[in-house]
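K.L.:
Would you be able to build a 3D model of this:
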Amino acid sequence: MNTTFARNALLTALLLLIAALTQAVYTGLYVAEITPPRQLLWGGEGLLFVLLGAFAGATLAQAKSLHVGWSAILGASILNVVQVGVGLTMFGPFREVAEAMPAAAPLAGSIVAFSFMVYNAAKALLALAAIVFGLAKMNAGSKALGGLTVAIGAIAFVSNTLSMALGRGFTEIPVAGGSGVLATILLALCVFGATDE
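P.N.:
The predicted model follows:
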């Protein structure tokens, strides 16, 4: 299937926006203490990130500039597939083992911690992409959107990097997740503008 740079970039932007919205919905359900069907929600996210990786990779191959931004989106997509896969395939079995054998609880906890580290690494990559595309937007004359994207991207990058280094104790502070979702939305808006490269 041959697609143009503009179409691949547009699809990448749309998928980024959908990914950010699914994160917001999932967070809202969690706060409201509503348990969604995890298999359906996470399975859908897995498919979403597979498609995002494919279109971001195609766009990276066609791009004349912003290569670090495109490759960061591609890398984040791959890490998100890994993170979703760990959640879908490992959380349940390790929780059952921990309930049956309390001594195995640290092992189950390490699987969750690994999943969160991958999650934060993906968010850090998307934040890096937001900084790259935000700076490009500023250079193109859109100071407000570009500046806001760079600022939120920097907050998301630092907070998610700290979450990777310091573990789940730091992750419980909602700055990393919230700023990561906002940075992804702003990144998507900037990528929409990159379709006319």
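K.L.:
Show the low-confidence segments of the chain, by residue range.
P.N.:
With pLDDT under 70 as the threshold, the chain has low-confidence stretches at 1, 30, 168-173, 195-197.
K.L.:
ranges for the helices of it?
P.N.:
5-31, 38-62, 67-100, 105-139, 143-166, 168-171, 175-193 (DSSP state H).
K.L.:
Need the ones you listed in a markdown table (columns: mean neighbour count).
P.N.:
(Glycine included, C-beta is placed from N, CA and C.) Compiled in a markdown table, the helices of the chain are given as follows (neighbours: other C-beta atoms under 10 Å):
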| stretch | mean neighbour count |
| --- | --- |
| helix 5-31 | 18 |
| helix 38-62 | 18 |
| helix 67-100 | 19 |
| helix 105-139 | 21 |
| helix 143-166 | 20 |
| helix 168-171 | 15 |
| helix 175-193 | 24 |
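K.L.:
From Lys123, how far off is Thr89?
P.N.:
Thr89 sits 21 Å away from Lys123, taking C-beta to C-beta, to the nearest Å as the criterion.
K.L.:
Kindly apply the preceding question to Gly75 instead.
P.N.:
12 Å.
K.L.:
burial measure for Ala104, as a count.
P.N.:
Residue neighbour count, defined by other C-beta atoms under 10 Å, stands at 14 for Ala104.
K.L.:
what residues are up against it?
P.N.:
Going by C-beta atoms under 8 Å, 6 or more residues apart in numbering, Ala104 touches 94, 97-98.
K.L.:
between those, which is nearest Ala24?
P.N.:
Within those, proximity to Ala24 (C-beta to C-beta) peaks at Phe94, which comes in at 27.4 Å.
K.L.:
where's that closest one relative to Ala100, distance?
P.N.:
According to C-beta to C-beta, Phe94 stands 11 Å off from Ala100.
K.L.:
My read is that Gly44 contacts Thr22, right?
P.N.:
Yes - counting by C-beta atoms under 8 Å, Gly44 does reach Thr22; the two are 7.3 Å apart.
K.L.:
For the closest residue to Ala13 other than its chain neighbours, which residues are in contact?
P.N.:
Excluding the flanking residues, the one nearest Ala13 by C-beta to C-beta, 6 or more residues apart in numbering is Val191, at 3.9 Å. Contacts here follow C-beta under 8 Å, 6+ apart; on that basis Val191 touches 9, 12-13, 16, 73, 133.
K.L.:
what do you get if the cut-off is 10 Å, keeping everything else the same?
P.N.:
When contacts are counted by C-beta atoms under 10 Å, 6 or more residues apart in numbering, Val191 touches 9-17, 56, 59, 66, 69-70, 73, 129-130, 133, 136-137.
K.L.:
And Ala54, by the same measure?
P.N.:
8, 11-12, 15, 74, 77.
K.L.:
same thing but at 6 Å, please
P.N.:
Contacts of Ala54 were listed using C-beta atoms under 6 Å, 6 or more residues apart in numbering, and none were found.
K.L.:
Quick check: it vs Ser77, distance?
P.N.:
8 Å.
K.L.:
next one: Ile185
P.N.:
For Ile185 relative to Ser77 (C-beta to C-beta), the value is 16 Å.
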